[in-house]
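>>> Any chance you can model this:
(chains A, B, C and D)
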Protein chains: 2
Amino acid sequence: MKYIEKLRNSGLRPTKQRLQICEVLFDTEKTFHFTINELDQKIKDKINNKISLATIYNTVHAFEKKGYLKQIPVNSNQTYFDTNITDHHHFYNLKDGKLIDLENSDVGPINIKRKIDGKKIKSIEVLVKLED
Amino acid sequence: MKYIEKLRNSGLRPTKQRLQICEVLFDTEKTFHFTINELDQKIKDKINNKISLATIYNTVHAFEKKGYLKQIPVNSNQTYFDTNITDHHHFYNLKDGKLIDLENSDVGPINIKRKIDGKKIKSIEVLVKLED
DNA sequence: CAGTTTTTTAGAACCATTATAAACTGCAAT
DNA sequence: ATTGCAGTTTATAATGGTTCTAAAAAACTG
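Numbering: from 1, shown residues only, chains lettered A, B, ... in the order given. You can find the predicted model right below:
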């Protein structure tokens, strides 16, 4: 199983649940955006046994902390995550709440001229809201 | 009262509560960021009578819809609003959850090269996360 | 003022997320 | 293998921000 090493190297025990969640999240050609509920549904579809919601929350947060997932800053009642952890941005379709990846090359370099004392920049994220 | 016209022109009846909320939001030198709970507290501090939480939510959403307030896309359990409705961006201090305005001139022009059919860009927002 | 519509309000409801505490599992040491 | 223990999972309860509800109050119109 290819995710066992990955998990071990992060200090996460390769449990059955984590491995199954890895399959759902990372065994795909394309990266994707999801909410916890959408992931829960995806897991139910792909896997026979069910995984407790609490475990899904725990695992997603653990993976985020390890850098295998990113949270997307959008105003919604649910939290959106992204399996695409490369530096990139998002279109946000206000009509249906869907996100579309915007590659860095589609935005061009962003140069933050102002500095905040004692702080360093962790990430720069651009959200482009779309309407009809 | 200077906000009566503003409200009437937006199709909002100038009620006592709305006018008081206007005072708290717009009678300041500087613009500011707030959550509903922070606004509730500010209202309690400045005004004698109390305004129901439901009214505060209703009013803030009405003002946002009319363009007098903006929601700030940040991942938090609470929704952040901004009385600064000019085109601008934000630093987000991960340590304490505080926002700092980033003027457009501090970021430089952002050129979105990709287009989505049938959609137009409503806003472009940059969030710069800060860590120690 | 009378009638109508909008707004406010307290409280209930909603629902995503987090906390709890008991059962279970992975794994290192024996 | 077996044991012991820290790390995980689980169902369920709790939390807390936000929205809903329905009745009372206020604003507007004629």
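>>> from here on, contacts and neighbour counts on C-alpha atoms
Fine.
>>> Packing partners of the longest strand along chain A?
Assignment by DSSP state E gives strand A:120-131 as the longest strand of chain A. Helices and strands touching strand A:120-131, by 3 or more CA pairs under 8 Å, 6 or more residues apart in numbering or on different chains; DSSP states H and E, are strand A:88-93, strand B:120-131.
>>> For the spatially most central residue of chain A, which residues are in contact?
Closest to where the C-alpha atoms of chain A average out (CA atoms, centre = their mean) is A:Asp82, at 2.4 Å. Listed by CA atoms under 8 Å, 6 or more residues apart in numbering or on different chains, the contact partners of A:Asp82 are A:31-34, A:69-72.
>>> Same question for A:Gln20.
The neighbourhood of A:Gln20, defined by CA under 8 Å, 6+ apart, consists of A:43, A:47.
>>> does it sit in a helix or strand, and which one?
Using DSSP states H and E, A:Gln20 maps to helix A:16-26.
>>> Flag every buried residue along that helix.
By 16 or more other CA atoms under 10 Å in any protein chain shown, the buried positions in helix A:16-26 come out as A:17-26.
>>> Could you pick out the buried ones from the contacts of A:Asp82?
A:33-34, A:69-72.
>>> Adding secondary structure, distance to A:Met1 and pLDDT as columns, could you present those residues in JSON lines?
Shown next, in JSON lines, are these (DSSP: H, G, I helix; E, B strand; the rest coil; distance: CA to CA, whole Å; pLDDT from 0 to 100):
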{"residue": "A:His33", "secondary structure": "strand", "distance to A:Met1": "24", "pLDDT": "97"}
{"residue": "A:Phe34", "secondary structure": "strand", "distance to A:Met1": "24", "pLDDT": "97"}
{"residue": "A:Leu69", "secondary structure": "coil", "distance to A:Met1": "20", "pLDDT": "97"}
{"residue": "A:Lys70", "secondary structure": "strand", "distance to A:Met1": "24", "pLDDT": "96"}
{"residue": "A:Gln71", "secondary structure": "strand", "distance to A:Met1": "26", "pLDDT": "96"}
{"residue": "A:Ile72", "secondary structure": "strand", "distance to A:Met1": "29", "pLDDT": "97"}
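>>> May I see these arranged in a markdown table, with distance to chain B as well?
Formatted as a markdown table, these follow (distance: CA to the nearest CA, whole Å):
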| residue | distance to chain B |
| --- | --- |
| A:His33 | 15 |
| A:Phe34 | 15 |
| A:Leu69 | 14 |
| A:Lys70 | 11 |
| A:Gln71 | 8 |
| A:Ile72 | 7 |
